[in-house]
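**Q** Need coordinates for the below:
(one chain, ligands or ions: 3)
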Amino acid sequence: MTGAQFGADQPVGVAVLGYGNVGSEVVRILQEQVDDLQQRVGAPLALRGIAVRDASRDRGLDPDLVTTDARALVERDDVDIVVELIGGIELPRELVLAALSSGKSVVTANKALLSEHTGELAEAAEARNVDLYFEAAVAGAIPVIRPLTQSLAGDRVHRVAGIVNGTTNFILSAMSETGADYGETLAEAGNRGYAEADPTADVEGFDAAAKAAILASIAFHSRVSASDVHREGISAITPQDFESAHALGCTIKLLSICERVPSPGGRDRISARVYPALVPDSHPLATVGGAFNAVVVEAENAGRLMFYGQGAGGAPTASAVMGDVVMAARNKVNGGRGPRESKYANLEIAPIGDIPTRYFVNMQVADKAGVLSAVAAEFAQHGVSISTVRQEGEGTGARLVVVTHTASDSALSATVSALEQLEFVTAVTSVLRLEGTHR
Ligand SMILES: NC(=O)c1ccc[n+]([C@@H]2O[C@H](COP(=O)([O-])OP(=O)(O)OC[C@H]3O[C@@H](n4cnc5c(N)ncnc54)[C@H](O)[C@@H]3O)[C@@H](O)[C@H]2O)c1
Ligand SMILES: N[C@@H](CCO)C(=O)O
Ligand code: NA
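**A** Ligands and ions are numbered 1, 2, ... in the order given. Here you go, the predicted model:
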């Protein structure tokens, strides 16, 4: 389908699938900003229907707009743009493929779907020369997809790193500031519309890993899927980790890091990883609180760029969705398409074992002479250089907190296994990375 059939009076038909946190806000904006949207698109945007799971609930919507048959809505002749806001993978995959293959452009906020099926979806969009837009899928309202695919299209990106999950940032910020209870804070993130339907996706890092896969794919012009991303969540972080982090002048953040890894004499590789890390209080990411997100992009010529704002919540996410709807609608009216998938570089993924970082190792130890030297010897044996060691507590509560210089993940893992065998070490209670410092 091209824009040829659209004139200034011919409406562009929009179908919204899902009327939850984000879908309801998208419908509100479509209904409240009719005139402005028409001016920006160059033709009216006509809401053709809203697919819901249960039509019996009173949502105050025009009943003629509401349907439980999402598939039939997608396939209506008067629908030009399908907005998928149901979540999950299999049903949205079928609906999005049906939309694209019948020549409709698609806007989605569904990072789980994209991080598994971008290839298939991009090919379906290519086959019908239509748009597949997903600004809302990464960092909610914050423009990150469009800057990477358009503004920086003439530069070489080296690193995209930051905080891209609002729920975990909300929880970690509360734990850091008030020692708040983990479960209560998670429930509050759900009430505010930040958390996924299954919050495991947030707290175990699946959501951040899906976003890292999308960011790495577009930043490095390669296909990266969720299974390529090394992932660790926040469910094992304790108040004691925060105490130790604060004593070191740090806080703890769940970071998503996508990096170009140079190989001397060879092709660059990609590292994409998600884990909770200590971040010095002086680092810009340390001050990102609540459900806010921040993404730092480092590019060869642009230098460092930082994007900050609301990464979750119904209205902020709907803002990004609506930006995409307007773009897709303009393309319908004027002809043309937005950027298509770019995967020409086809870079390989570097295993996490090859990636050097600094580490923080917290262990319970016997409060005896010789413990420190035995522990230090294990680090030395595995070639991991120690930066600082602190003893916290005493007697049966004695703990050693070791911060290392840069070491590879594989050397650190071997050190931790050896420490666990030491008679004096009761338990290695946590191993976290330290980011934002280079020593
Ligand atoms: N909430 C956020 O902050 C946020 C931010 C960015 C991206 N997202 C993404 O946006 C999408 C929607 O998120 P949400 O928070 O609005 O979720 P939600 O659970 O609030 O809404 C999803 C809605 O889809 C409905 N639904 C389920 N099956 C359906 C079916 N067969 N037909 C029609 N409707 C059906 C559900 O009843 C629910 O109302 C997800 O992919 C999510 O990952 C959400
Ligand atoms: N559950 C996600 C929604 C935004 O993608 C978050 O907390 O960031
Ligand atoms: Na965004």
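
**Q** Helices of this structure, residue ranges please.
**A** 21-32, 34-41, 70-74, 90-101, 111-128, 145-146, 166-178, 182-191, 200-203, 206-220, 239-247, 314-334, 371-381, 409-421 (DSSP state H).

**Q** Can you tell me which residues in the stretch 251-400 of the chain are near ligand 3?
**A** residue 320 (Cβ under 5 Å from the ion). Using the backbone N, CA and C atoms, a C-beta is placed for each residue, glycine as well.

**Q** which parts of the stretch 51-200 of the chain sit against ligand 2?
**A** 140, 165-167, 194-196 (Cβ under 6 Å from any ligand atom).

**Q** quick revisit: dump the helices of the chain to a markdown table, plus mean pLDDT and mean neighbour count.
**A** As requested, these are arranged in a markdown table below (pLDDT from 0 to 100; neighbours: other Cβ atoms under 10 Å):
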| stretch | mean pLDDT | mean neighbour count |
| --- | --- | --- |
| helix 21-32 | 98 | 20 |
| helix 34-41 | 97 | 15 |
| helix 70-74 | 98 | 19 |
| helix 90-101 | 98 | 20 |
| helix 111-128 | 97 | 19 |
| helix 145-146 | 98 | 20 |
| helix 166-178 | 95 | 23 |
| helix 182-191 | 88 | 15 |
| helix 200-203 | 96 | 21 |
| helix 206-220 | 98 | 28 |
| helix 239-247 | 91 | 17 |
| helix 314-334 | 97 | 23 |
| helix 371-381 | 94 | 16 |
| helix 409-421 | 95 | 17 |
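
**Q** Could you export those helices as a markdown table, including distance to ligand 1?
**A** Converted to a markdown table, the helices of the chain look like this (distance: least, Cβ to the nearest ligand atom, whole Å):
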| stretch | distance to ligand 1 |
| --- | --- |
| helix 21-32 | 4 |
| helix 34-41 | 21 |
| helix 70-74 | 4 |
| helix 90-101 | 6 |
| helix 111-128 | 6 |
| helix 145-146 | 12 |
| helix 166-178 | 7 |
| helix 182-191 | 10 |
| helix 200-203 | 8 |
| helix 206-220 | 7 |
| helix 239-247 | 25 |
| helix 314-334 | 4 |
| helix 371-381 | 41 |
| helix 409-421 | 29 |
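
**Q** Let's have those in CSV, adding distance to residue 397.
**A** Converted to CSV, the helices of the chain look like this (distance: least, Cβ to Cβ, whole Å):
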stretch, distance to residue 397
helix 21-32, 44
helix 34-41, 62
helix 70-74, 57
helix 90-101, 49
helix 111-128, 42
helix 145-146, 48
helix 166-178, 21
helix 182-191, 22
helix 200-203, 28
helix 206-220, 33
helix 239-247, 10
helix 314-334, 44
helix 371-381, 14
helix 409-421, 18
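
**Q** coming back round to it: in TSV: the residues of the stretch 51-200 of the chain next to ligand 2, plus distance to residue 246.
**A** As requested, those are exported to TSV (distance: Cβ to Cβ, whole Å):
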residue	distance to residue 246
140	29
165	22
166	23
167	22
194	25
195	26
196	29
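
**Q** ranking those by neighbours, who comes first?
**A** Counting neighbours by other Cβ atoms under 10 Å, the top entry in those is residue 165, with 35 neighbours.

**Q** What sits closest to that one if chain neighbours are left out?
**A** Closest residue to residue 165 apart from its sequence neighbours, by Cβ to Cβ, 6 or more residues apart in numbering: residue 208 at 4.4 Å.

**Q** Give me the number of neighbouring residues for the closest residue to ligand 2 within the stretch 301-439 of the chain.
**A** Closest residue of the stretch 301-439 of the chain to ligand 2, Cβ to the nearest ligand atom: residue 312 (3.8 Å). Residue 312 has 29 neighbours, counted by other Cβ under 10 Å.

**Q** For it, give me the pLDDT.
**A** Per-residue pLDDT puts residue 312 at 94.

**Q** For residue 204, see how far away it is.
**A** Counting by Cβ to Cβ, to the nearest Å, the separation of residue 312 from residue 204 is 17 Å.

**Q** ok and the residue in the stretch 151-300 of the chain nearest ligand 1?
**A** residue 197 (4.6 Å).

**Q** Check the gap between that residue and residue 21 for me.
**A** Distance of residue 197 to residue 21, given as Cβ to Cβ: 10 Å.

**Q** Good, wrapping up.
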